[in-house]
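Quick one, what's the 3D model for this:
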Amino acid sequence: MKRRASWIGLLVACSIGVCNAAAAAPPAGYKIEEKYTRKSPDGATTIEQYLNKDTDDWTWQFWVRRQDAFTLLDPKPADYPADFIFTSDLKWIVRVQKIGSGTATLHLYRLTPQGYARANKKPLGDMAWDYLKMRPDWRKLVKTPEYHTSAYLLEGLEENYRGHGVDWPANRYLLIALSGDADVRGRKPMQTGVVHGWRCRYDLESGRFDVPALFAGNNAKAIMPE
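As a prediction, this is how the structure comes out:
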């Protein structure tokens with residue numbers, strides 16, 4: 001009796017596994033947009049972007065094909081397609097995501113035994129802005145209720161930023177720049193740039209931000225009024 005019960009349990013488990021495997025697909029209405037497909041440098045990982053045009057507010061999903069697995073990269077849909085950048089060791093993916101007219105943010109994913117998964121609860125771009133707000137530079141900026149912010153990667157990740165004259169460990173850091181406009185209210189409401197490429201460094205190993213000395217001159221200029 002126990003042996004029969006164990007076989008029944010095994011069949012049920014296998015059936016559930018088959019159902020779960022079959023369920024790994026974009027929901028109804030989502031169609032692949034081939035021109036936005038991105039591959040890892042070694043060709044082993046493919047990120048496919050799917051768009052749902054069946055609703056008034058079009059939304060995007062990002063799916064990853066890797067080692068015969070097909071998984072959703074992030075459960076929260078996006079309003080726009082994205083660009084994806086792999087570290088050279090393929091352990092990390094940075095998603096460069098447009099969030100509005102002229103604004104963008106960053107999301108970070110790390111490779112786990114189950115595939116790529118979100119590395120942080122918050123977008124990496126939001127975390128970089130939180131870090132700036134803890135710095136003395138933030139006290140020098142115009143404070144308004146309305147900010148239009150962007151976070152983006154500096155070029156050079158593939159060469160470990162050698163172009164900046166540094167010799168850092170490979171696949172250790174991400175260099176992030178922040179820019180933002182503010183709606184300034186007054187007799188003549190206007191939008192003005194208040195952050196112009198302020199730079200910081202994110203340590204993939206420790207999960208911490210810092211500002212290398214080489215950015216001191218740039219950051220002093222980045223918070224000066226236009």
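
quick check: mean pLDDT across the longest strand seen in the chain?
When the chain is scanned for its longest strand (criterion: DSSP state E), the result is strand 190-203. Predicted confidence along strand 190-203 averages 82 (mean pLDDT).

Check what contacts that strand and list those residues.
Contacts to strand 190-203, defined as Cβ atoms under 8 Å, 6 or more residues apart in numbering, come from residues 124, 127-128, 131-132, 137, 141-142, 147-149, 154, 172-184, 208-212, 215, 218-219, 221-226. (C-beta placed from N, C-alpha, C; glycine too.)

change it to 7 Å
Identification of contacts with strand 190-203 by Cβ atoms under 7 Å, 6 or more residues apart in numbering yields 124, 128, 131-132, 137, 141-142, 154, 172-184, 209-212, 215, 218-219, 222-223, 226.

Could you do stretch 100-110 as well?
Counting by Cβ under 7 Å, 6+ apart, stretch 100-110 makes contact with 73-74, 91-99, 116-120, 123-126, 148-153, 176, all of which sit outside it.

Check stretch 36-54 too.
Counting by Cβ under 7 Å, 6+ apart, 26, 29-33, 58-66, 73, 81, 84, 86, 90 sit against stretch 36-54.

Quick one: mean pLDDT over it.
Throughout stretch 36-54, pLDDT has a mean value of 95.

Only the buried residues of it, if you could.
By neighbour count on 16 or more other Cβ atoms under 10 Å, the buried set for stretch 36-54 is 36, 38, 40, 45, 47-52.

now, the most widely separated pair of those?
Using Cβ to Cβ, the two most remote members of the buried residues of stretch 36-54 are S40 and N52, lying 25.3 Å apart.

need the helices for this protein, in chain order.
2-23, 124-133, 216-222 (DSSP state H).

list the helices and strands the shortest one packs on?
For helix 216-222, the packing partners by 3 or more Cβ pairs under 7 Å, 6 or more residues apart in numbering; DSSP states H and E come out as strand 190-203.

tilt between the strand it packs on and helix 124-133?
Using axes from the mean of the first three to the mean of the last three Cα atoms, to 10 degrees, the direction of strand 190-203 lies 100 degrees away from that of helix 124-133.
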